[in-house]
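Enquirer: can't give you the sequence, but here's the structure:
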């Protein structure tokens with residue numbers, strides 16, 4: 001595990017401290033979780049953009065044309 005020295009404005013530090021306490025975790029755990037959440041969001045975006053580049057619109061449309069035209073079940077209809 002690595003140690004990271006982080007400078008935060010006092011107001012942000014106090015908010016982090018209060019939220020960590022409310023969540024029942026240490027400030028270290030709270031910040032680690034926040035960093036992991038941000039990384040997940042950014043990495044997911046990169047993954048989806050890479051997958052988009054592999055897509056083939058013509059193949060998608062051909063596949064969709066094979067799906068039968070049926071009404072959705074009542075529970076699946078938009079209201």
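Expert: It's in. Bear in mind the structure is a predicted one, so any value in this text is a computation, not a measurement.
Enquirer: how much space between the residue nearest the centre of the chain and residue 34?
Expert: Centroid-nearest residue in the chain, with Cα atoms, centre = their mean: residue 41, separated by 4.0 Å. According to Cβ to Cβ, to the nearest Å, residue 41 stands 11 Å off from residue 34. The C-beta positions use only the backbone N, C-alpha and C, and glycine is treated the same way.
Enquirer: same question, residue 4
Expert: From residue 4 across to residue 34, the span is 13 Å (Cβ to Cβ).
Enquirer: what's the overlap in contacts for the two?
Expert: The contact sets of residue 4 and residue 34 do not overlap (Cβ atoms under 8 Å, 6 or more residues apart in numbering).
Enquirer: circling back to that earlier point, tell me the secondary structure for the residue nearest to the centre of the chain?
Expert: helix (DSSP: H, G, I helix; E, B strand; the rest coil).
Enquirer: pLDDT value on it, please?
Expert: Residue 41 is assigned 95 on the pLDDT scale.
Enquirer: How about residue 21?
Expert: For residue 21, pLDDT reads 97.
Enquirer: How about the one 4 residues further on?
Expert: For residue 25, the pLDDT comes out at 98.
Enquirer: That one reaches residue 31, doesn't it?
Expert: No: the criterion here is Cβ atoms under 8 Å, and residue 25 misses it with residue 31 at 9.7 Å.
Enquirer: Please say which of residue 4 and residue 34 ends up with more neighbours.
Expert: The neighbour comparison of residue 4 against residue 34 (other Cβ atoms under 10 Å) goes to residue 34, with 13 against 9.
Enquirer: what's the helix or strand where the more buried one lies packed up against?
Expert: Per DSSP states H and E, residue 34 falls inside helix 27-54. For helix 27-54, the elements it packs on are helix 10-23, judged by 3 or more Cβ pairs under 8 Å, 6 or more residues apart in numbering; DSSP states H and E.
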